[in-house]
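Visitor: Output the structure for:
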Amino acid sequence: ALAHARLGVEVLARPVGLDGASTYHGLIFVRKDSGIKSIRDMKGKRFAFVDKATTAGYLLPRAYFYEHGLDFKTYLKESYFAGTHEDAIYDVLNRKADIGAAKNTVYERLAGADGRIKNELIILERSPDVPENGLAVRKDLDDTIKKKLKEALLGMYSDPEGIALLKDFGAQKIIETTDKDYLPVC
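Guide: Reported below is the predicted structural model:
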């Protein structure tokens with residue numbers, strides 16, 4: 001959505017993961033022992049965002065504060081960018097931050113590998129689903145090239161070499177995607 005708005009790119013396709021999902025959502029989480037149960041309890045706390053250019057790790061939590069009529073910059077004691085979804089999760093787990101935001105797929109992967117995440121963190125909020133990261137091209141790219149590229153991507157699941165590439169990428173297949181699919185984050 002940001003690349004489309006700022007650079008005028010056109011999205012063509014996105015992956016469907018091995019779990020069958022082609023979307024993800026953002027999470028806002030805290031330590032279970034933090035005493036934070038809602039946005040009211042976040043006042044004066046420290047929030048670990050991921051990066052300014054991440055949807056789940058910044059834009060969706062920022063929208064969460066906006067929807068509650070709050071400016072996170074003045075409502076929170078401090079906010080900072082951890083750099084990665086993993087770092088935001090571990091910063092909360094290790095008490096560097098009181099609250100964090102991350103992409104559900106990263107949170108779930110880490111929770112599967114590190115039992116402390118399941119045992120010590122709790123999810124307070126979940127954003128609406130948004131499309132997984134898509135492949136985009138310049139709007140002025142020749143339409144014939146765009147069409148051939150899209151056909152090749154969408155047909156990968158029916159070709160032995162394509163199946164191998166998809167598996168390495170962690171996807172079942174590639175599906176058609178348009179800029180309209182990103183309206184939930186606009």
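Visitor: so S34 makes contact with A97?
Guide: No: using C-beta atoms under 8 Å, S34 makes no contact with A97, being 10.1 Å away. Placement of C-beta: from N, CA and C, glycine included.
Visitor: which one of the two has more residues nearby?
Guide: A97 (25 against 19; other C-beta atoms under 10 Å).
Visitor: Count the residues that sit near the spatially closest residue to the more buried one that is not a sequence neighbour.
Guide: Of all residues not flanking A97 in the chain, A48 sits nearest, at 3.7 Å (C-beta to C-beta, 6 or more residues apart in numbering). Using other C-beta under 10 Å, A48 has 26 other residues around it.
Visitor: Let me know the distance separating A48 from A102.
Guide: When distance is defined by C-beta to C-beta, to the nearest Å, A48 is 9 Å away from A102.
Visitor: thinking again about what came up before, wasn't the residue nearest to A97 part of a strand?
Guide: Yes: A48: assigned to a strand according to DSSP: H, G, I helix; E, B strand; the rest coil.
Visitor: which neighbours do A48 and A102 share?
Guide: Any residue near both A48 and A102 by C-beta atoms under 8 Å, 6 or more residues apart in numbering counts here, and that gives A88.
Visitor: how about the helices in the chain?
Guide: Remark: helices assigned in the chain by DSSP state H are 2-7, 60-67, 72-75, 85-93, 104-113, 115-120, 143-154, 160-169.
Visitor: among the ones you listed, which is nearest Y182?
Guide: With C-beta to C-beta, the closest approach to Y182 among the helices of the chain belongs to helix 2-7: 7.1 Å.
Visitor: Could you list which residues are in contact with A97?
Guide: By C-beta under 8 Å, 6+ apart, the residues touching A97 are 46-48, 80, 82, 88, 91.
Visitor: in this protein, which segments are predicted with low confidence?
Guide: 1-7, 183-186 (pLDDT under 70).
Visitor: For the residue nearest to A97, give its distance to D33.
Guide: Using C-beta to C-beta, we find A48 at a distance of 17 Å from D33.
Visitor: Extract the CA atoms of stretch 116-126 and return them as PDB.
Guide: Below are the C-alpha coordinates for stretch 116-126, written out as PDB (Å, rounded to 0.1, in the frame of the first residue of the first chain):
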ATOM      1  CA  ARG A 116       8.600 -18.700  27.400                       C
ATOM      2  CA  ILE A 117       6.600 -16.700  24.800                       C
ATOM      3  CA  LYS A 118       3.500 -18.800  25.300                       C
ATOM      4  CA  ASN A 119       3.900 -18.900  29.100                       C
ATOM      5  CA  GLU A 120       5.000 -15.300  29.800                       C
ATOM      6  CA  LEU A 121       3.300 -13.100  27.100                       C
ATOM      7  CA  ILE A 122      -0.300 -12.400  26.300                       C
ATOM      8  CA  ILE A 123      -1.900 -10.900  23.200                       C
ATOM      9  CA  LEU A 124      -4.000  -7.900  23.900                       C
ATOM     10  CA  GLU A 125      -5.100  -6.900  20.400                       C
ATOM     11  CA  ARG A 126      -5.300  -8.400  17.000                       C
END
